[in-house]
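K.L.:
how does the following fold in three dimensions:
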Amino acid sequence: MTVSRRSFLKGTASGVAGTALGAGVLVEGARVDAEAATGGPLTLAAYPFHGPHQAGVLSPGPAGKQPYACVAAFDCTVTKVADLVLLMYELTDRAWFLTTGGTPPDLGVGQPPSDSDVLGPVVPADGLTVTLSVGSSLFDDRYGLASRKPLYLTPMGTFPNDFLEPEWLHGDLLLQLCANHPDTIHHAIRDIAKNTFSGMQLRWKIEGYASPPRPSGTARNLLGFKDGTANPTGNLASSLVWVDDPAEPGWAHGGSYQVVRLIRMLVEFWDRVSINEQQNMFGRRRDSGAPLDGNSEFDIPNYAADPHGYIIPLDAHIRLANPRTRATADQRLVRRSYNYDLGVDENGNLQAGHIFIAYQQDVRRQFETVQKRLINEPLVDYVQPFGGGYFFTLPGVRDADDWYARGLLT
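P.N.:
Model (predicted):
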């Protein structure tokens, strides 16, 4: 779909926008009604595109995130800042349309079709969120943006026990796509790649899924343990995520630092470990998710009553990641992680694991501080981080006159 930014963002393409809103909500509304009748998963039809913050960070919230996701890094191929602005216009147009839904225009039999039709003649919103972030490499000498770089945005370094592969690292731009179905993810990344081919090139991409609660509570990772039980929500999450430091560039306020870590899980090796040892490594019971000193998933572990780690070992994952002290309270971060499966490696082993995604105000105070506490924890024998990077999630597109990175580029 090729619509000029002027006509689209100014609202003069009212037929397209109106059809998109109406058709997307109606089609998705019918599907949600059907799922409710059959006891299937309940997910929202659409999430607002405009606002002070991008959707896909806290909205929908971590506990109610869409079941499918894709993380895709791109290299910018334009050489002038004016062309980078045009790229952001196009990304805004595509993200707005895809997250709203609607009928793509008919360009005639002499032209390539405006849409792949993977989702049929009417594109449903299907709960899609498009979240755009920038990498530190965007602030090199190509576009003269070095002085506007967020304070803590750097390339992700190598931590002890990492096995980083260059082809899975970094990127000028990062798109996080989340939706209710995997074909919606495929359609969206394909549409964006088609319409931005002259401005950016795919660097790496990985798709993931969130397991439903089994039998209840928080979803599980591929090691079989509930993942994200202590994830901050509500006002606490907002206070830990959105950048508001006066020392940061003004344009960055309302954005967030995003950390992506692609972590392979050595599941065959893990499956040979005793349940007692597995639970001690995590500090939780595998069946219920309860801390080892509790009875249910959301019980708060009492570390003060167990100073020597007789019940929850001192090197248990939950104890290192969140010591639950006053001094470490502002080091918490909001996670939005997914499982992945890439098939089989050259040795015939399963190539599956975890797409760790976390948002925070300060990557040094939060992610890096937590990660340093986790160095050499017992779990390192069963996981291999191999890719990802640090990125800065842009503030939201506020209204129809706004566009991605406007504050940065103007």
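K.L.:
next helix or strand past the helix or strand bottoming out on mean pLDDT in the chain?
P.N.:
Across the helices and strands of the chain, mean confidence by mean pLDDT, DSSP states H and E is lowest for helix 14-38: a mean of 37. Downstream of helix 14-38, the first helix or strand assigned by DSSP states H and E is strand 68-76.
K.L.:
quick one: contacts of that following strand?
P.N.:
Here strand 68-76 makes contact (C-beta atoms under 8 Å, 6 or more residues apart in numbering) with 84, 87, 135, 138, 142, 170-182, 184-185, 188-189, 199-210, 260, 338, 355, 357, 389. The C-beta positions use only the backbone N, C-alpha and C, and glycine is treated the same way.
K.L.:
what do you get for stretch 334-342?
P.N.:
56-58, 62, 65, 68-69, 206-211, 221-222, 227-228, 231-232, 237, 240-241, 262, 350-360.
K.L.:
if you count neighbours, what's buried in that stretch?
P.N.:
334-340 (16 or more other C-beta atoms under 10 Å).
K.L.:
report the backbone C-alpha coordinates of it in CSV.
P.N.:
This file holds the C-alpha atoms of stretch 334-342, laid out as CSV (Å, rounded to 0.1, in the frame of the first residue of the first chain):
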residue,chain,number,x,y,z
VAL,A,334,10.2,-5.3,32.8
ARG,A,335,10.6,-8.4,30.7
ARG,A,336,8.7,-9.3,27.6
SER,A,337,10.3,-12.6,26.6
TYR,A,338,9.3,-15.4,24.3
ASN,A,339,10.4,-19.0,23.5
TYR,A,340,11.9,-19.9,20.1
ASP,A,341,12.6,-23.0,18.1
LEU,A,342,15.1,-22.9,15.2
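K.L.:
ok so, going back, now, the contacts of strand 68-76 that are in helices?
P.N.:
84, 87, 182, 184-185, 188-189 (DSSP state H).
K.L.:
tell me which two in these are the farthest apart.
P.N.:
Taking C-beta to C-beta as the measure, the ones in helices among the contacts of strand 68-76 span a maximum distance of 30.8 Å, between 84 and 182.
K.L.:
those two: which is more packed in?
P.N.:
residue 84 (22 against 15; other C-beta atoms under 10 Å).
K.L.:
correct me if wrong: that one contacts residue 134.
P.N.:
No - at 10.5 Å, residue 84 does not count as touching residue 134 under the criterion of C-beta atoms under 8 Å.
K.L.:
using TSV, lay out the buried residues of stretch 334-342 together with pLDDT.
P.N.:
Listed next are the buried residues of stretch 334-342 as TSV, based on pLDDT from 0 to 100:
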residue	pLDDT
334	96
335	96
336	95
337	95
338	97
339	98
340	98
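K.L.:
nearest to residue 290 among those residues?
P.N.:
Using C-beta to C-beta, the buried residues of stretch 334-342 come closest to residue 290 at residue 335, 19.5 Å.
K.L.:
for that closest one, which non-adjacent residue is closest in space?
P.N.:
Spatial nearest neighbour of residue 335, excluding adjacent residues (C-beta to C-beta, 6 or more residues apart in numbering): residue 358 at 4.9 Å.
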